[in-house]
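>>> Mind folding the following:
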Amino acid sequence: MGLFSKLLGGNSELSELINDVANVIKQESVNLHESEGTETETTYDKTTTTDFDTEVYASGRDCGEDYGFSWGPEMPDEENQYNYNGTYKEYFSDVFRSTYPMYRIEDYEAHNGRTTVFVFWEGERKALVVELLSRKSSANKLRSDCKAAGIPYLRFYYDYHGWWNTKAYVIQRTRIALMGG
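Residues are numbered from 1 along each chain as shown. From the prediction side, this is the model:
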């Protein structure tokens, strides 16, 4: 009898989930080390048949449990970063600027162009910082700097198959962050 079996009293579904999550974490660590110094821009269409990471989807990691409407193995019909007629940077810029014209929004690239940062300004006050980064990134400095300064912070991953970043999802998360929640 394995350690998980002893701890979980034979709950094989939970044991399998824990093993799967551990394997995903292990694989992400390997991917991170293999991909250092490489940069790719990924696009998908409705016929894409890559595996969907159900454990990460179910966990709500980094996004909160209420945001699952933008995730799934098939691309939704709603506008999202993958069916947008432009790059993911242009997509987010368009969503932010068309939905929140009351804010001055500045953007810049960081980490040798692998990350895009949007800063929402309300007068002279930073109202929100949004970071677009690769799922392979382990960067946390901007997030911790924002936390220390009391500035709301969001991040969106631009290359995670199954995380579609639908327009409604991006708008909802941004609105909640701007409202201080």
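>>> tell me the mean pLDDT over stretch 147-158?
Stretch 147-158 shows a mean pLDDT of 96.
>>> Would you mark the buried spots in that stretch?
Within stretch 147-158, the residues scored as buried using 16 or more other Cβ atoms under 10 Å are Ile151, Pro152, Tyr153, Leu154, Arg155, Phe156, Tyr157, Tyr158. C-beta: built from backbone N, CA, C; applies to glycine.
>>> any idea which of those residues is closest to Lys136?
Tyr157 (9.0 Å; Cβ to Cβ).
>>> wouldn't the closest one be in contact with Leu133 here?
Yes. Using Cβ atoms under 8 Å, Tyr157 is in contact with Leu133, at 6.6 Å.
>>> Make CSV out of the buried residues of stretch 147-158 and add secondary structure.
CSV is the format used below for those (DSSP: H, G, I helix; E, B strand; the rest coil):
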residue, secondary structure
Ile151, coil
Pro152, coil
Tyr153, strand
Leu154, strand
Arg155, strand
Phe156, strand
Tyr157, strand
Tyr158, coil
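>>> What sits closest to Glu78 if chain neighbours are left out?
Using Cβ to Cβ, 6 or more residues apart in numbering and skipping residues adjacent in sequence, the residue nearest Glu78 is Thr166, 4.6 Å away.
>>> do you know how far that neighbour is from Ala110?
The gap separating Thr166 from Ala110 is 25 Å, by Cβ to Cβ, to the nearest Å.
>>> So between these two, which is more surrounded?
Counted by other Cβ atoms under 10 Å, Thr166 and Ala110 do not tie: Thr166 has more neighbours, with 22 against 15.
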